[in-house]
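**Student:** Return a 3D structure for these sequence lines:
(one chain, ligands or ions: 1)
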Amino acid sequence: MNRQMNHDGGTVAAPILVTGGTGRLGRLVVPRLLDAGRDVRVLSRQRQDAADDVEYVIGDLLTCEGVERAVDGVGTILHLAGAANAKGDDEATRNLVRAAARAGVQHVVHISVIGADRVPLGYFKSKLEAEQAVVDSGLPFTILRAAQVHDLVLTMVQAMAKLPVIPVPGGVRFEPVDADEVAARLAALTLGEPSGMVSDLTGPEVHGMDDLIRDYLRQHGKRRLLVPFRMPGKAGRAYRAGGNLSIDGAATGKRTWEDFLAEQVNFPSDTEPALETPGHTDDGYEVNKRINRLFD
Ligand SMILES: NC(=O)c1ccc[n+]([C@@H]2O[C@H](COP(=O)([O-])OP(=O)(O)OC[C@H]3O[C@@H](n4cnc5c(N)ncnc54)[C@H](OP(=O)(O)O)[C@@H]3O)[C@@H](O)[C@H]2O)c1
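**Tutor:** Predicted coordinates:
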């Protein structure tokens with residue numbers, strides 16, 4: 001553990017900087033680090049309400065404002081900051097690790113996504129380049145690739161369920177994982193020694209996109225027409241080949257999508273099944289556009 005001198009000449013563990021500490025995963029990891037008795041600093045672009053136990057630093061990894069101050073005196077960085085579409089995550093990570101190297105940071109823990117090296121979409125490419133920035137920094141590092149968390153899949157499914165007819169890319173599957181289980185793994189990695197690329201973390205089950213949508217519709221008593229379509233191009237091929245899914249050796253979370261959904265809603269007892277469409281369409285240009293917007 002990295003230590004720094006205190007006022008009495010003794011040593012204390014150096015603070016941990018969490019970028020993205022205000023986000024979905026960050027909010028779950030920070031309390032775990034505090035519970036482990038560590039001082040935690042959080043970088044955020046917005047002023048946060050003062051909290052006795054967390055030090056907030058205002059800054060932006062893209063403009064570099066506040067970043068030097070954020071990394072000053074830190075032993076470990078847990079880097080979770082990222083844009084929803086990952087645009088700029090590569091540049092933000094390069095800016096962070098450059099400042100971290102200058103400040104003598106001892107360990108950078110970084111979250112990435114399963115499929116970063118296999119799915120040719122902007123989101124995945126940016127995550128891969130962010131990983132590379134961490135590796136190239138020369139800093140001791142740990143990188144965890146995780147599957148999409150349940151909450152994110154739910155947001156995606158909710159958006160799709162607003163459409164009167166839901167275009168569903170055929171052959172696209174997900175392995176949603178519980179955000180709390182990802183947070184627990186990230187906390188353990190942050191409190192541990194640099195470990196390089198560690199095993200992926202996925203959820204316990206693989207679900208077709210159509211099943212994820214049907215589960216959601218069923219639980220909300222909604223009826224929608226599902227229209228399968230063939231996702232075009234290299235990205236479609238990569239998804240159908242399971243490029244976004246874990247390969248052998250991944251660690252697997254316990255909480256299932258069904259468990260997660262069951263806790264999200266009070267189910268109406270009398271629910272309608274989602275409508276099925278036996279037909280297949282591959283000509284829906286508008287449909288493709290909408291779906292691609294959800295993925296890219
Ligand atoms: N959620 C998933 O399913 C999943 C799966 C695999 C990997 N990941 C990766 O895990 C990370 C965290 O995901 P999440 O779902 O917790 O994200 P989130 O809820 O969208 O939170 C994003 C965080 O990034 C911070 N941020 C964004 N741009 C920033 C910038 N320019 N400078 C400083 N901070 C910035 C935000 O802080 P402020 O708004 O306070 O500035 C916020 O705390 C992301 O890198 C994501 O790609 C997520």
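**Student:** Could you pick out the residues of the stretch 1-150 of the chain near the ligand for me?
**Tutor:** 19-20, 22-26, 43-46, 60-62, 80-84, 86, 92, 111, 113, 146, 148-149 (CB under 6 Å from any ligand atom). Placement of C-beta: from N, CA and C, glycine included.
**Student:** Restricted to strands, list those residues.
**Tutor:** 19, 43-44, 111, 113, 146 (DSSP state E).
**Student:** Please pick the buried ones from the residues you listed.
**Tutor:** When these are checked for burial by 16 or more other CB atoms under 10 Å, the buried set is 19, 43-44, 111, 113, 146.
**Student:** Helices of this structure, start to end?
**Tutor:** For the chain, helices defined by DSSP state H occupy the ranges 26-35, 67-71, 89-103, 122-136, 150-161, 179-191, 209-219, 233-240, 257-264, 285-295.
**Student:** any chance of the ones you listed in a markdown table, plus distance to residue 168?
**Tutor:** Converted to a markdown table, the helices of the chain look like this (distance: least, CB to CB, whole Å):
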| stretch | distance to residue 168 |
| --- | --- |
| helix 26-35 | 30 |
| helix 67-71 | 41 |
| helix 89-103 | 28 |
| helix 122-136 | 19 |
| helix 150-161 | 8 |
| helix 179-191 | 24 |
| helix 209-219 | 5 |
| helix 233-240 | 12 |
| helix 257-264 | 16 |
| helix 285-295 | 8 |
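**Student:** hey, least reliable of these by pLDDT?
**Tutor:** Confidence, taken as mean pLDDT, is least for helix 285-295 of the helices of the chain (a mean of 46).
**Student:** Now the stretch 51-200 of the chain against the ligand: closest residue?
**Tutor:** residue 82 (2.4 Å; CB to the nearest ligand atom).
**Student:** What score does residue 247 have for pLDDT?
**Tutor:** On the pLDDT scale, residue 247 gets 86.
**Student:** tell me the contacts of the nearest residue to it once chain neighbours are set aside?
**Tutor:** Distances taken as CB to CB, 6 or more residues apart in numbering place residue 200 nearest to residue 247, at 7.5 Å, with adjacent residues excluded. Residues near residue 200 by CB atoms under 8 Å, 6 or more residues apart in numbering: 114, 144-147, 246-247, 249-251.
**Student:** again with residue 190
**Tutor:** Contacts of residue 190 by CB under 8 Å, 6+ apart are 16, 29, 33, 76, 78, 107, 109.
**Student:** redo that, cut-off 10 Å
**Tutor:** By CB atoms under 10 Å, 6 or more residues apart in numbering, the residues touching residue 190 are 16, 18, 29, 32-33, 36, 38, 40, 76-78, 107-109, 142.
**Student:** Quick one: which of those residues is the most crowded by neighbours?
**Tutor:** residue 18 (31 neighbours; other CB atoms under 10 Å).
**Student:** Check whether residue 122 really touches residue 116, as I assumed.
**Tutor:** No: at 11.9 Å, residue 122 does not count as touching residue 116 under the criterion of CB atoms under 10 Å.
**Student:** ok, the two, which is more surrounded?
**Tutor:** The neighbour comparison of residue 122 against residue 116 (other CB under 10 Å) goes to residue 116, with 22 against 13.
**Student:** how much space is there between that one and residue 238?
**Tutor:** With distances taken as CB to CB, to the nearest Å, residue 116 is found 12 Å from residue 238.
**Student:** Same question for residue 159.
**Tutor:** 22 Å.
**Student:** follow-up on the earlier one: need the overlap of contacts for residue 122 and residue 116.
**Tutor:** residue 86.
**Student:** can you tell me which residues contact the nearest residue to residue 235 once chain neighbours are set aside?
**Tutor:** Leaving aside its chain neighbours, residue 235 sits nearest to residue 121 (4.8 Å; criterion: CB to CB, 6+ apart). For residue 121, the contact set (CB under 10 Å, 6+ apart) comprises 85-86, 115, 127, 233-236, 238-239, 243-244, 292, 295-296.
**Student:** Distance of residue 121 relative to residue 87?
**Tutor:** Distance from residue 121 to residue 87, by CB to CB: 12 Å.
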